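A.B. asks: Provided below for reference: sequence and predicted model.
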Amino acid sequence: MDITANRAVKIVAASLFATVLLQIAYMAFLGGPTPLKAGEPLTSVDVIRYFDNRGGEIAALWTMEAIAFLAIAMGSIVALVRTGANAVVWTALGLSGVFNTVQIGIGLAMFEPAARAGGDDTGLFFTFVMGAFFFYFVAKALIGLAGVVFGMKLIGSASGGAKALGVVTALTGLGAVAINVAAMALGGPVLFAAGAAGTVATLFLAIAIASRTRSIEG
């Protein structure tokens, strides 16, 4: 089955929206392991209990995210080839899809086994977690870069509401780049800020891309 440029761009926009919704769903309903008693440090027992109780839901949600990230990667590659325009945007989004798939794969394949193999020490588990988050930060920074470039194009070529959308897309993208590049070095202390900035940038980039699909032919 062949995919037109217009359809590829629509797939990318829809998949970006999907990742935002799935990220919100994860934080709202799963949220990660927590200590049995508030205020106490997280232990391997807490992590194992989390996977025992919520493992099926985690696997289902992360698998859906992986599918969305693969769709972003493939759709971006097709859009790049078919349109011959916005090379930085589609390349950045394609790479973000690949890196996000890698970090999801680490989570699905390695988090639970690492927690069980680590005994009472959570060091092994968090080694894999922070490795996955590095790829997560890279992917969010790339999405931010795509937002900056696509937003600047809207600012230069559109008017009225579309120009305003371009400004917001570029600014939120710039914020995502800055915070997620910092997170590559700092890690945990800025994790939630980096994730939030990347998610907001993803949302506005998805809206911006979706708003321009009518102008893409082929």
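C.D. replies: Great, that's in hand. These numbers come from a predicted model, not from an experiment.

A.B. asks: If you count residues, where's the longest helix of this protein?
C.D. replies: In the chain, with assignment by DSSP state H, the single longest helix is helix 44-83.

A.B. asks: packing partners for the following helix or strand past it?
C.D. replies: Sequence-wise, the next helix or strand downstream of helix 44-83 (DSSP states H and E) is helix 87-106. Judged by 3 or more CB pairs under 8 Å, 6 or more residues apart in numbering; DSSP states H and E, the packing partners of helix 87-106 are helix 44-83, helix 123-157. Any C-beta I mention is one placed from the backbone N, CA and C, and that applies to glycine too.

A.B. asks: Out of the ones you listed, which gets nearest to Lys37?
C.D. replies: In terms of CB to CB, the element of the helices and strands packed on helix 87-106 nearest to Lys37 is helix 44-83, at 9.7 Å.

A.B. asks: packing partners for the closest one?
C.D. replies: Secondary elements touching helix 44-83 (3+ CB pairs under 8 Å, 6+ apart): helix 5-29, helix 87-106, helix 112-117.

A.B. asks: Just the buried residues of the least confident helix or strand in the chain by mean pLDDT, please?
C.D. replies: When the helices and strands of the chain are scored by mean pLDDT, DSSP states H and E, helix 112-117 comes last with a mean of 93. The neighbour-count check on helix 112-117 (16 or more other CB atoms under 10 Å) flags Glu112, Ala114, Ala115 as buried.
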